[in-house]
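A.B. asks: heads up, no residue letters with this:
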């Protein structure tokens, strides 16, 4: 049997996802209508013989309880959240909870990074890993551009055997265009390797008599630096290259990009999640048509969102690549494109929302323009990934980015909000461009 | 043909139309400035009608550019008003006084005083009062002055209790007076002796001598005043004019659902449902405004179209232009003739030349050629 472990980190991580992560844990942020890691869970659930999913992180348990309960209900699989007492690193947590992972004797377990998004090729990885008998860990890998590869873990792979002969995490000079996607499948024997690293650390701590060692740091083990790097070239690590869509999800802006791709993936497996302009009976058709909104491209609308209007002439125009969460209210004449509207938000008549994220319970007035700038990968470069530019450019000005409204933000009518980030509970009184509004 | 007021006899007026109207580009790339419609009427026509009402029987237009188009249209209007219209062509720019010399045969044809106006001025024209005031003091010239908030941008006029002008001070650094030259004069024909046929500035070369001799008087203008020669002032002037219209003939304004404040709408224009139009909007003939549009402090010239859900504040939309859906335009954006703005575009302070199609937003003020 198989298991999966999803690593979600904690509140100290993912600060680039602020202000969205100020009121909701980043792993639960909804993308294409589902909390971020539900996409991971769904991929795991589709692997035959996968019996348990463990979520590892250091968020307080209370923040994940409801989500876990919902997932168990939805997918009828064992799912548990295990809280690390402190940040233990990408492998430290696995080692700490080794008994939980090993119980039931799984032959292998997947490890998925919570802050990546992808069309996860888990079944393929399993088959590949099983073929490579010597493999302790198989890494999901993908191609990047030369310039961008140095921001990731770089893999040098033997062309015939697919063995990883060399691995470097974020090198300062170019090593390889093949990068680590942060998704692995590990044999149960990997724990011996983890144990060896852990014990070496403990020795170093006790040998360091001056007391500089930090008791906590001794338990921190990073999968990439402490395990993959030393294992590379020993014939125990392999990489499976995929051309499936994959991206990191570090910044709020990348949520928009992920939203688009996850919506697209629904075409093959979850057509029911995409909003349709429904067909109703012939006689009803004319009357109903007046009440529906216009759907362009891929759009997700939560069943409890209020989108339909009773006015005969004024309709909304939604899409492409829009997700509308529970209880959101979209007024007549509203146009939304390439955006995410979180639960309970309200957008009044005739407004325009473009490349933006509207926070939970936020309120946007009439005739208001909320607009951001997408930071998509360069479409002209094959294998280009999302850039994660710094927040400010060299002149100290804000780089154009997705516009984000934190939770319960109020934006008045008739203003423009361009390339700006508004922190939660703020009430704006005028237009803003290229600013962070505290 | 006699004037309507027999006391005034045959009066004449000279309107300084001048040159290229570059400050009102891009609108003046398509039409000469006097023909650009202000509050749904060619600017020059506002002045012409007021002059005719005050008893003027002959108007001279001092032009140096694009006269042919003007001649055709204005001659038709003049005929309707029953006034004689003469075009005085400058072959070289003659400044603000030279044109008087060029037209001196007409202006000096009788003993009656004649008006001289700057063609960019809009106000409650006080022509009858000017005649009375001028006859009262009996000297050579009367200048209308108006009170402004920021006099240092203009030429300030300093005068005594009776109105006798002492001096002019151009753009004073320190506060001298808040009265400035409003660009409207009335002169006795003897003034023509002072002006030669060459480029001459009336403010710098003619007025100072007249003031020294005690021949120049100032009359204070009542009501609003604006030089509408550039877009920002054009819109401000429109607001003032519409407010004045509400006082004098409120029935000319438009009222109804979705109409806010002072709004002027041509009968052939169409406005959709769920709109908010006004305050201070002029909608020209044949204009189409679709549903859910909000327009404030703007002028929509003949044949323009604004598609649904758009929002306009402080804009001039040129003839036959089309503004797409969910467009936002603000901050004195001016569209020339036949401009197309695509859906969902944002324009902030853009000046768009004629026949241009805008497919990308303009977030900061810019000229788009």
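C.D. replies: Happy to help now that I have it. These numbers come from a predicted model, not from an experiment.

A.B. asks: helix, strand, or coil at residue 165?
C.D. replies: Going with chain A. For residue A:165, the secondary-structure state derived from DSSP: H, G, I helix; E, B strand; the rest coil is strand.

A.B. asks: my bad, chain B
C.D. replies: Residue B:165 carries the three-state label strand when classified by three-state DSSP.

A.B. asks: the one 10 residues further on too?
C.D. replies: Applying three-state DSSP to residue B:175 yields a three-state assignment of coil.

A.B. asks: the one 10 residues further on too?
C.D. replies: Remark: residue B:185 carries the secondary structure label strand [criterion: three-state DSSP].

A.B. asks: beta-bridge partners for the closest residue in space to it that isn't next to it in sequence, please?
C.D. replies: Counting by Cβ to Cβ, 6 or more residues apart in numbering or on different chains, residue B:185 lies nearest to residue B:116, which is 4.5 Å off, once chain neighbours are set aside. To be clear about C-beta, it is placed using only N, CA and C from the backbone, and glycine gets the same treatment. Residue B:116 has the following beta-bridge partners by DSSP bridges: residue B:14, residue B:185.

A.B. asks: repeat for the one 5 residues further on
C.D. replies: According to DSSP bridges, the partner residues bridging residue B:121 are residue B:227.

A.B. asks: can you give me the helices for chain B?
C.D. replies: Using DSSP state H, the helices of chain B run over B:43-53, B:67-81, B:98-102, B:104-107, B:127-137, B:207-212, B:231-249.

A.B. asks: mind checking the longest strand of chain A?
C.D. replies: For chain A, the strand that runs over the most residues, judged by DSSP state E, is strand A:178-187.

A.B. asks: helices or strands next to that strand in the packing?
C.D. replies: Identification of packing neighbours for strand A:178-187 by 3 or more Cβ pairs under 8 Å, 6 or more residues apart in numbering or on different chains; DSSP states H and E yields strand A:108-113, strand A:116-118, helix A:122-131, strand A:137-143, strand A:153-157.

A.B. asks: got the angle between that strand and strand A:108-113?
C.D. replies: Taking axes from the mean of the first three to the mean of the last three Cα atoms, to 10 degrees, strand A:178-187 and strand A:108-113 form an angle of 140 degrees between their directions.

A.B. asks: quick check: buried residues in the helix or strand following strand A:178-187?
C.D. replies: Downstream of strand A:178-187, the next assigned helix or strand under DSSP states H and E is helix A:190-207. Buried residues in helix A:190-207, defined by neighbour count with 16 or more other Cβ atoms under 10 Å in any protein chain shown: A:190-191, A:193-194, A:197-198, A:201, A:205.

A.B. asks: likewise stretch A:69-76?
C.D. replies: By 16+ other Cβ under 10 Å, the buried positions in stretch A:69-76 come out as A:71, A:75.

A.B. asks: equivalent analysis for stretch B:198-208, please.
C.D. replies: B:200, B:202-203, B:205-207.

A.B. asks: show me which of those is closest to chain A.
C.D. replies: The shortest distance between chain A and any of the buried residues of stretch B:198-208, using Cβ to the nearest Cβ, involves residue B:203 and amounts to 41.1 Å.

A.B. asks: doesn't residue B:180 make contact with that closest one?
C.D. replies: No: between residue B:203 and residue B:180 there is no contact, the gap being 10.9 Å when judged by Cβ atoms under 8 Å.

A.B. asks: number of residues surrounding residue B:347?
C.D. replies: 27 (other Cβ atoms under 10 Å in any protein chain shown).

A.B. asks: just list whatever residues bridge to it.
C.D. replies: residue B:329, residue B:362.

A.B. asks: I'd assumed residue B:332 was in contact with it.
C.D. replies: No: taking Cβ under 8 Å as the definition, residue B:347 is not a contact partner of residue B:332, at 10.6 Å.

A.B. asks: overlap in contacts, residue B:203 and residue B:180.
C.D. replies: Common contacts of residue B:203 and residue B:180, defined by Cβ atoms under 8 Å, 6 or more residues apart in numbering or on different chains, comprise residue B:155.

A.B. asks: re the thing from before, same question for the longest strand of chain A, mean pLDDT?
C.D. replies: Here the mean pLDDT over strand A:178-187 is 96, rounded to a whole number.

A.B. asks: per-residue confidence for residue A:288?
C.D. replies: The predicted local confidence for residue A:288 comes out at a pLDDT of 49.

A.B. asks: burial count for the nearest residue to residue B:83 once chain neighbours are set aside?
C.D. replies: Beyond its immediate neighbours in the sequence, the residue positioned closest to residue B:83 (Cβ to Cβ, 6+ apart) is residue B:52, lying 4.9 Å away. By other Cβ under 10 Å, 20 other residues sit near residue B:52.

A.B. asks: could you do residue A:412 as well?
C.D. replies: Residue crowding around residue A:412 was assessed by other Cβ under 10 Å; the count is 15.

A.B. asks: for it, which non-adjacent residue is spatially closest?
C.D. replies: Nearest-residue entry for residue A:412: residue A:365, 4.9 Å, with adjacent residues in sequence omitted and distances by Cβ to Cβ, 6+ apart.

A.B. asks: wouldn't the one you found be in contact with residue A:413 here?
C.D. replies: Yes: with contacts defined as Cβ under 8 Å, residue A:365 counts as touching residue A:413 at a distance of 3.1 Å.

A.B. asks: any idea how many residues pack against the closest residue to residue B:274 other than its chain neighbours?
C.D. replies: Closest residue to residue B:274 apart from its sequence neighbours, by Cβ to Cβ, 6+ apart: residue B:292 at 4.6 Å. Counted with other Cβ under 10 Å, the neighbours of residue B:292 add up to 27.

A.B. asks: ok, now which ones touch residue B:292?
C.D. replies: By Cβ under 8 Å, 6+ apart, the contact list for residue B:292 reads A:314, A:332-333, A:349-350, B:272-275, B:308-309.

A.B. asks: return the member of these nearest to residue B:221.
C.D. replies: Of all these, the one with the least separation from residue B:221 (Cβ to Cβ) is residue B:275, at 36.2 Å.

A.B. asks: count the residues that sit near the closest one.
C.D. replies: Residue B:275 is surrounded by 22 other residues when neighbours are defined as other Cβ under 10 Å.

A.B. asks: enumerate every residue touching it.
C.D. replies: With contacts defined as Cβ under 8 Å, 6+ apart, the neighbours of residue B:275 are B:258, B:289, B:291-295.

A.B. asks: against residue A:350, how distant is it?
C.D. replies: In this structure, residue B:275 and residue A:350 are 10 Å apart, going by Cβ to Cβ, to the nearest Å.

A.B. asks: which neighbours do these two have in common?
C.D. replies: Counting by Cβ under 8 Å, 6+ apart, the contacts common to residue B:275 and residue A:350 are B:292, B:294.

A.B. asks: assess the claim that residue A:231 and residue A:135 are in contact.
C.D. replies: No: counting by Cβ under 8 Å, residue A:231 sits too far from residue A:135 to count as a contact (10.1 Å).

A.B. asks: checking my notes, residue A:380 in a helix, right?
C.D. replies: No: assessed with three-state DSSP, residue A:380 is coil; it does not lie in a helix.

A.B. asks: tell me, how many residues neighbour it?
C.D. replies: 6.

A.B. asks: output the set of residues of chain A in proximity to chain B.
C.D. replies: Remark: the part of chain A in contact with chain B comprises A:313-314, A:332-333, A:335, A:337, A:349-350, A:352, A:354, A:366-367, A:369, A:371, A:414, A:416, A:418, A:433, using Cβ under 8 Å from any Cβ of the partner chain.

A.B. asks: ok so, going back, which two among the contacts of residue B:275 are spaced furthest apart?
C.D. replies: Pairwise distances across the contacts of residue B:275 peak at 12.8 Å for B:291 and B:295 (criterion: Cβ to Cβ).

A.B. asks: with neighbour numbers in mind, choose between these two.
C.D. replies: residue B:295 (29 against 19).

A.B. asks: ok, now which ones touch the more buried one?
C.D. replies: Each residue near residue B:295 by Cβ under 8 Å, 6+ apart is listed here: B:275-278, B:281, B:289, B:306, B:311-313.
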